[in-house]
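Enquirer: Any chance you can model this:
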Amino acid sequence: MRVVHLRHSGVMVTHEEYQLFFDVISDISAYIDFSKKIFIFVSHSHSDHFVKSFIQFKTGKVHYVFSEDVPTDGFKNVLIMKPGDQLKIAGLSINAYASSDLGNAYAVSLAALNVFFAGDLNWWHWENAGTEANRAEEKLFKDIVDTIEVKSFDLAFIPVDPRLGDAYCWTGNYFLERFEVRHFIPIHFGTNFAITEAFQKKHHTRSNIHCIHHLNETIIF
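Expert: Residues are numbered from 1 along each chain as shown. Next up, the predicted model:
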C-alpha cells in the first residue's frame, strides 16, 4: 500500500487494483494509473478541497464521489452522496458522514482495508468565537463522530489545523481515543509541516502517528 500526501488535505491511496484520491488541489497527472480502479472523492466545494481542473479527466474510467454542494458540470460517472448515505460499487463500500463545516466525511472499505477521510469534520475552536459558539462546535463535532459505526481504521486522515492554536490537536486526540487507528495521517495544515511534527511529539508513545515533512511525501506500508 502506498499513500501520497499531496497538498493541504489532498491524499492518494494506492492499494492492490485501486487508486483513491481525496480532496485534490494539485496536479496528480504523475500519479494517476488508468490501469487501476480510480475513485476521486471530494468532501466539499471549498477551494482548499476542490479544484476542478486537477481532477477532471475525459476518460470514463474514473469514478467521482462528490458531496451535494460540489458542481458536477463536465464530469462523467459522478456519484452524489449526502450524510447518512451508503454505497457499494466496484468492490468499495462507502459511507458518508456529516461534516462540522460543509459536505461529507467518508469511510471507505476495500480489500480488507478501512479508510477514514475527515474532510472538514473537525473540532473547530476559534479563540475569538466566544464560549457558547465553541461549546456548540464541540457538541456538533462529537455528535457526528458518535455516528461512525466502524471502530477500527487502517488509515485515518484527520485535520491538525494550526489556525486553531492550542486546539489544533483536539480532533486528532479525540479520534485516537475513540477508534483503533493503524496509521494516523494529518491533513488540513496547508504547508505548516511543523504542526504535524508537533502532533507526533505529543503522542510520542504511539508508533502510528505519521509526520509529513514536505509536499508530495510518499509513505509505503
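
Enquirer: Name the residues that touch stretch 210-221?
Expert: Applying C-beta atoms under 8 Å, 6 or more residues apart in numbering, the external contacts of stretch 210-221 come out as 1-7, 26, 183-186, 189, 191, 193, 196-197, 199-200. Any C-beta I mention is one placed from the backbone N, CA and C, and that applies to glycine too.

Enquirer: got the end-to-end distance for that stretch?
Expert: End-to-end distance for stretch 210-221, by C-alpha to C-alpha, to the nearest Å: 12 Å.

Enquirer: on that earlier part again, take the contacts of stretch 210-221 and keep only those in strands.
Expert: Among the contacts of stretch 210-221, DSSP state E puts 2-5, 183-186 in strands.

Enquirer: How far off centre is the helix ranked longest in the chain?
Expert: The residue-count maximum for a helix in the chain (DSSP state H) belongs to helix 131-145. Relative to its chain's centre, helix 131-145 lies at 20 Å (C-alpha atoms, centre = their mean, to the nearest Å).

Enquirer: tell me what it is packed against?
Expert: With contacts taken as 3 or more C-beta pairs under 8 Å, 6 or more residues apart in numbering; DSSP states H and E, helix 131-145 sits against helix 170-178.

Enquirer: okay, the helix it packs on in CSV with CA atoms only?
Expert: Extracted in CSV, the C-alpha atoms of helix 170-178 (Å, rounded to 0.1, in the frame of the first residue of the first chain):
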residue,chain,number,x,y,z
TRP,A,170,-8.2,18.2,19.7
THR,A,171,-9.7,16.5,16.8
GLY,A,172,-6.8,14.1,16.5
ASN,A,173,-6.7,13.4,20.2
TYR,A,174,-10.5,12.6,20.3
PHE,A,175,-10.3,10.4,17.2
LEU,A,176,-7.4,8.4,18.7
GLU,A,177,-9.4,8.0,21.9
ARG,A,178,-12.5,6.7,20.2
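
Enquirer: Tell me which residues of it come out buried.
Expert: 170-172, 174-176 (16 or more other C-beta atoms under 10 Å).
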